[in-house]
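In: Give the three-dimensional model of this entry:
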Amino acid sequence: MSFIQATAKAVGAACMILTAGIAAADGAKSSSTGTSLAFSSAIVQSEKLYQDGLASVDSARLVKISTPLGRKAVGTGKLITDAKTLNALPSATGGPEWRCLSEALYFEARGETIKGQIAVAEVILNRVSSSRFPDTVCGVIKQGTGRKFACQFTYTCDGRPEHINEPAAFARVGKIARMMLNGAPRTLSGGATFYHTTAVNPRWASKFRRTARHGVHLFYARS
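Out: From the prediction side, this is the model:
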């Protein structure tokens, strides 16, 4: 049975449920107990048909149809960590989310190793996936912006203008941003949602669990 066929039968079962409910409401000649049993049976049948339909669908297709439009499922893309392969990729482009992530990687980690830049991108995307933070890349990056030194990413509230003066560095982080937004596995940060460089020692660092280090960046997750 195909997924579509199973879903169609599940919808039919749901219609049966509705019909039974209407009949009971109109005073049909059936006891309340009988109607309740018929209602429960229809629910069970509907759920079984739905589950049978899911079981018949290829797992890759399930990932595809369950992923919101415009967002790639994590783990479905390819992770590239060596400079030669990354440099050989075509120039990256994208919409506002890509631009926000690219700028964050440029201003926060353009001097870092490729793995370090990827790990910083993971932190941002891990926050997008967390209910504790905004649910868009731009929302995560701009959280707290407008209050000097009260933002989540310093470059957005340090009072300094953001100018991209190193186009080659921006081109590289742009490719990394594209790769991560395309669903590359997030395997380098250990599930981190926080990071800082070795140049600072924030108070919150002692409260969280360190998950990784790449270059001068230390990564943390809530315990």
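In: mind listing the strands for this structure?
Out: 194-197, 209-214, 217-221 (DSSP state E).
In: Point out the other elements, helices or strands, that the longest one touches.
Out: The reference is to strand 209-214. Counting contacts by 3 or more C-beta pairs under 8 Å, 6 or more residues apart in numbering; DSSP states H and E, strand 209-214 is packed against helix 114-129, strand 217-221. C-betas here are computed from N, CA, C, even on glycine.
In: now what about the shortest one, what contacts it?
Out: What it means is strand 217-221. 109, 112, 116, 119-120, 123, 189-198, 204-205, 208-213 (C-beta atoms under 8 Å, 6 or more residues apart in numbering).
In: What subset of these is buried?
Out: With burial judged by 16 or more other C-beta atoms under 10 Å, the buried subset of those is 109, 112, 116, 119-120, 123, 189-196, 208, 211-212.
In: any idea how far residue 177 is from the closest residue to residue 133 other than its chain neighbours?
Out: Nearest residue to residue 133, sequence neighbours excluded (C-beta to C-beta, 6 or more residues apart in numbering): residue 127, at 3.9 Å. Applying C-beta to C-beta, to the nearest Å, the value for residue 127 to residue 177 is 15 Å.
In: Compare those two (neighbour count), which wins?
Out: Neighbour tally, residue 127 and residue 177, criterion other C-beta atoms under 10 Å: the higher count belongs to residue 177, 29 against 21.
In: what's the weakest-modelled helix or strand in this structure?
Out: Ranked by mean pLDDT, DSSP states H and E, the weakest helix or strand in the chain is helix 59-66, scoring a mean of 44.
In: Average the pLDDT values over stretch 169-176 and round to the nearest integer.
Out: What stretch 169-176 shows for mean pLDDT is 98.
In: Put the alpha carbons of that stretch into CSV.
Out: Taking C-alpha atoms only, stretch 169-176 is exported to CSV below (Å, rounded to 0.1, in the frame of the first residue of the first chain):
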residue,chain,number,x,y,z
ALA,A,169,37.7,35.4,3.6
PHE,A,170,34.1,36.2,3.0
ALA,A,171,33.9,34.0,0.0
ARG,A,172,35.2,31.0,2.1
VAL,A,173,32.7,31.6,5.0
GLY,A,174,30.0,32.0,2.4
LYS,A,175,30.6,28.5,1.2
ILE,A,176,30.6,27.2,4.7
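In: Would you mark the buried spots in that stretch?
Out: Using 16+ other C-beta under 10 Å as the test for burial, stretch 169-176 gives 169, 170, 172, 173, 174, 175, 176.
In: Just to check, the second one is in contact with residue 106?
Out: Yes - using C-beta atoms under 8 Å as the test, residue 170 is close enough to residue 106 to be in contact (5.1 Å).
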